[in-house]
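In: the following block contains a protein sequence and its predicted model.
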Amino acid sequence: MNPLFHRALLAASFIFLMLLPAHAYDPQLSSERLDLLDERGYFTPGFKAAAYDYIDTKKALEKAGDDEKKISDQLPVLLKQSAAAQAQTDALLKELAKYQHPDVDDFAELQVCMKDPSAKPEDQLALAQAFVWAYPSNPHADEARRDLEDIQKKLADKQQAEKDAQAAQEAAQAKLLQRVQARNLSLNEWKEFLRDKSQLDLLKYLGRPDAAHIDYWVYNTAFTIDPNTGQKVGLQISFNGTRVNSVASGPNAP
């Protein structure tokens, strides 16, 4: 057979193969088979380049089809991940917004705290002081300073009132002890003073009893005035264990 004719026949066969459906030529039309035919000198350079381009394009199309299927399978997961990432981004942006104008938020918090009747003065003081220190040039700084001065005065008045109350209580206690030493209490006052006192306390404030029994002591000295007779009487003090349980008027003082 004429070699030129043989080459023309092969070329026509190759073009025919290319025009067939993919399943008809795929098993035979490959780069390896083209290499074998090329070694035998059947292809011109132009034909060989066109054939290899076709093979490469076919492989690329097949790969693209595979990649598209993989992407399609992964799409729900990718969409879910994208939604989660967007939610995290939104949350971060919302949190960041809190720090874009902290002076506005801090002043609003201060005002809410100052108007809250149940707020502790110490908390109000801390917020007002922090705002004044942090934003000295803020338009609301003067208002915050007034709030600070008001709460400082309120706390100072409270502390002074507590000191006065403590001093008054100590003075009243000292005066009561003086009256105890002078035996100058009413029976009800003795009951209040001796309530739940120990026997050691009685020895400290009243001294030793004139008669000591297991569950009560008797003092004959004039400790008080009997409201019924108007006579000076002593005390009879009963115990529950070693602590005062009840106080009653005792025998008439001699």
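Out: Thanks, I have the structure now.
In: what strand or helix carries residue 167?
Out: Assigned by DSSP states H and E, residue 167 belongs to helix 141-181.
In: got the angle for the helix or strand that that helix is followed by vs helix 141-181?
Out: Using DSSP H and E, the helix or strand that follows helix 141-181 in sequence is helix 187-194. Taking axes from the mean of the first three to the mean of the last three C-alpha atoms, to 10 degrees, helix 187-194 and helix 141-181 form an angle of 110 degrees between their directions.
In: helix or strand right after helix 187-194?
Out: helix 199-205.
In: please tell me how far residue 208 sits from residue 249.
Out: 19 Å (C-beta to C-beta, to the nearest Å). (Each C-beta comes from the backbone N, C-alpha and C, glycine too.)
In: show me what contacts the nearest residue to residue 176 once chain neighbours are set aside?
Out: Of all residues not flanking residue 176 in the chain, residue 193 sits nearest, at 6.9 Å (C-beta to C-beta, 6 or more residues apart in numbering). Residues near residue 193 by C-beta atoms under 8 Å, 6 or more residues apart in numbering: 176, 180, 185, 205.
In: most neighbours, which of those?
Out: Neighbour counts for those, by other C-beta atoms under 10 Å, peak at residue 185, which reaches 19 neighbours.
In: distance of residue 104 relative to residue 135?
Out: Taking C-beta to C-beta, one finds residue 104 at 10 Å from residue 135.
In: where do the helices of the stretch 1-150 of the chain begin and end?
Out: Secondary structure of the stretch 1-150 of the chain (DSSP state H, counting those that start in this stretch): helices located at 3-19, 22-25, 31-39, 45-97, 102-115, 121-134, 141-181.
In: now do the last one and helix 121-134, the angle between them.
Out: On the basis of the same axes, to 10 degrees, helix 141-181 is oriented at 150 degrees to helix 121-134.
In: now for helix 141-181, which elements pack on it?
Out: For helix 141-181, the elements it packs on are helix 102-115, helix 121-134, helix 187-194, judged by 3 or more C-beta pairs under 8 Å, 6 or more residues apart in numbering; DSSP states H and E.
In: now mean pLDDT and distance to residue 64 too, for those helices, in CSV please.
Out: As requested, the helices and strands packed on helix 141-181 are exported to CSV (pLDDT from 0 to 100; distance: least, C-beta to C-beta, whole Å):
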stretch, mean pLDDT, distance to residue 64
helix 102-115, 87, 53
helix 121-134, 90, 60
helix 187-194, 94, 100
